[in-house]
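Chemist: What follows is a predicted protein model with its sequence.
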Amino acid sequence: MTRPTQIWTLAGLGALALACLLASLLAGSADLSLGRALAALGGGGDELAGTIVRTIRLPRSISAFAVGSLLGLAGVLLQALFRNPLADPFVLGVSGGASVGALAGMLAGFTLGGLEWTATGGALCIGALVLWMGSGGDSGRLLLSGVVLASACGAVISVLLAIADNGQLRGMVFWLAGDLGWAQHPWFDLAAAGAALVVALLGGRALNVLAAGEMRSAVLGLDARLARPVVFLVAAALTSLAVLAAGPVGFVGLVAPHLVRLALRTSDHRLVAPGAALCGGALLCLADIASRTIAAPRQLPVGAITALIGAPVFLLLLRRRVGR
């Protein structure tokens, strides 16, 4: 695929992401026509439509797109860092570490600012353990280390839930299921995703070199010993932001980069990074639509929807990789 064709494909992906975002404004238990929803979005229309669209659906849709973009970018960074297409914040335990840190902060009574620090610290601790346990081995060893630590995080989460009082337990359980209803700062999350995308674009060439291996990185003048911690720190921060906004939503960071590579037929991170941000946002918007409409007026956890879709995709990718 030529570069102009890739650019046009990326633009088409952006249009698709925008369409998914608009579709999420129309989906819900309340039946709103396209005209009423667009009028309410523009500040007009009747009062009921304005309340539903601007107060309820718009913040949730923006949160879904922002969290999906954060997870898509985190997946791109981790796959470049570990040189493993199966790397993902959820699979490698980074999401679990952020969840443990956030739940511990909730038990301690921290504010949102404090929870961001505890979630980031948990993600960094698990990531550092994955890097240490997988050092000197192949990508399979890294993957196995991440899966084991993710399981350990699940055990710690069970202990934290057991010692929580009844007033805290209900909120913690719903948050762990992955629920966009808990997102409080959608525009901040969207701004964070935009800033992370700019950083990824500026460092796209470095990511390409890093993904080629440490020996080639040294030949091309990139110090992998310095680049790897920086890339991982950014990925952990993005994961912690996503976890705080919507709980541990899995597999978006795994699926989005793969879909983009298949669509663009390239591994150039200068194209894959923006594509994964758009694709991740679109995927989570679609998952949120499903969570709000399948059992309407009840809402299903969006994390359950992504897991039901992402788990078979992960197994398929793992089988294809083992077959090679």
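Modeler: Received the coordinates, thanks.
Chemist: can you give me the helices in the stretch 201-324 of the chain?
Modeler: Assignment of helices within the stretch 201-324 of the chain using DSSP state H, counting those that start in this stretch yields the ranges 204-211, 214-219, 224-246, 252-264, 269-293, 302-323.
Chemist: got it, and the stretch 1-150 of the chain?
Modeler: Per DSSP H, counting those that start in this stretch, the stretch 1-150 of the chain carries helices over the ranges 3-26, 34-41, 47-50, 58-82, 94-108, 112-134, 139-163.
Chemist: ranking the ones you listed by burial, who's on top?
Modeler: Of all the helices of the stretch 1-150 of the chain, helix 58-82 has the most neighbours on average by mean count of other Cβ atoms under 10 Å, namely a mean of 29. To be clear about C-beta, it is placed using only N, CA and C from the backbone, and glycine gets the same treatment.
Chemist: Quick check: V255 touching P312?
Modeler: No - applying Cβ atoms under 8 Å, one finds V255 not in contact with P312, separated by 10.4 Å.
Chemist: Looking only at neighbour counts, state which of the two leads.
Modeler: Legend: neighbour count by other Cβ atoms under 10 Å for V255 and P312, higher for V255 (24 against 11).
Chemist: Let me see the contact set for the closest residue to V231 other than its chain neighbours.
Modeler: Nearest residue to V231 in three dimensions, chain neighbours excluded: L81, at 4.9 Å (Cβ to Cβ, 6 or more residues apart in numbering). The contact partners of L81, taken as Cβ atoms under 8 Å, 6 or more residues apart in numbering, are 87, 210, 228, 231-232, 235.
Chemist: Neighbour count added to the residues you listed, as TSV?
Modeler: Listed next are those as TSV, based on neighbours: other Cβ atoms under 10 Å:
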residue	neighbour count
A87	27
L210	23
R228	17
V231	21
F232	21
A235	29
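Chemist: Pass me the low-pLDDT residue ranges in this structure, would you?
Modeler: 1, 29, 134-140, 182, 214-221, 224, 317-318, 320-324 (pLDDT under 70).
Chemist: picking up where we left off before, quick one: the residue nearest to V231 from A164, how far?
Modeler: With distances taken as Cβ to Cβ, to the nearest Å, L81 is found 34 Å from A164.
Chemist: Please apply the same query to G93.
Modeler: To A164, G93 is 22 Å away according to Cβ to Cβ.
Chemist: of the two, who's got more company?
Modeler: Between G93 and A164, counted using other Cβ under 10 Å, G93 has the larger neighbour count: 29 against 17.
Chemist: Could you report the distance from that one to P297?
Modeler: Counting by Cβ to Cβ - G93 and P297 are separated by 35 Å.
Chemist: who are the neighbours in contact with the nearest residue to R270 once chain neighbours are set aside?
Modeler: For R270, ignoring the flanking residues on the chain, the nearest one in space by Cβ to Cβ, 6+ apart is G204 at 3.4 Å. The neighbourhood of G204, defined by Cβ under 8 Å, 6+ apart, consists of 268-270, 273.
Chemist: would you turn these into TSV with neighbour count?
Modeler: What follows is the contacts of G204, written out as TSV (neighbours: other Cβ under 10 Å):
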residue	neighbour count
D268	15
H269	26
R270	15
A273	26
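Chemist: need those residues in CSV with distance to L284, can you?
Modeler: Shown next, in CSV, are the contacts of G204 (distance: Cβ to Cβ, whole Å):
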residue, distance to L284
D268, 24
H269, 21
R270, 23
A273, 17
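Chemist: Nearest residue to A263 in space, ignoring adjacent ones along the chain?
Modeler: T9 (5.8 Å).
Chemist: now, of the helices of the stretch 201-324 of the chain, which is deepest in the fold?
Modeler: Highest mean neighbour count among these (mean count of other Cβ under 10 Å): helix 269-293, with a mean of 26.
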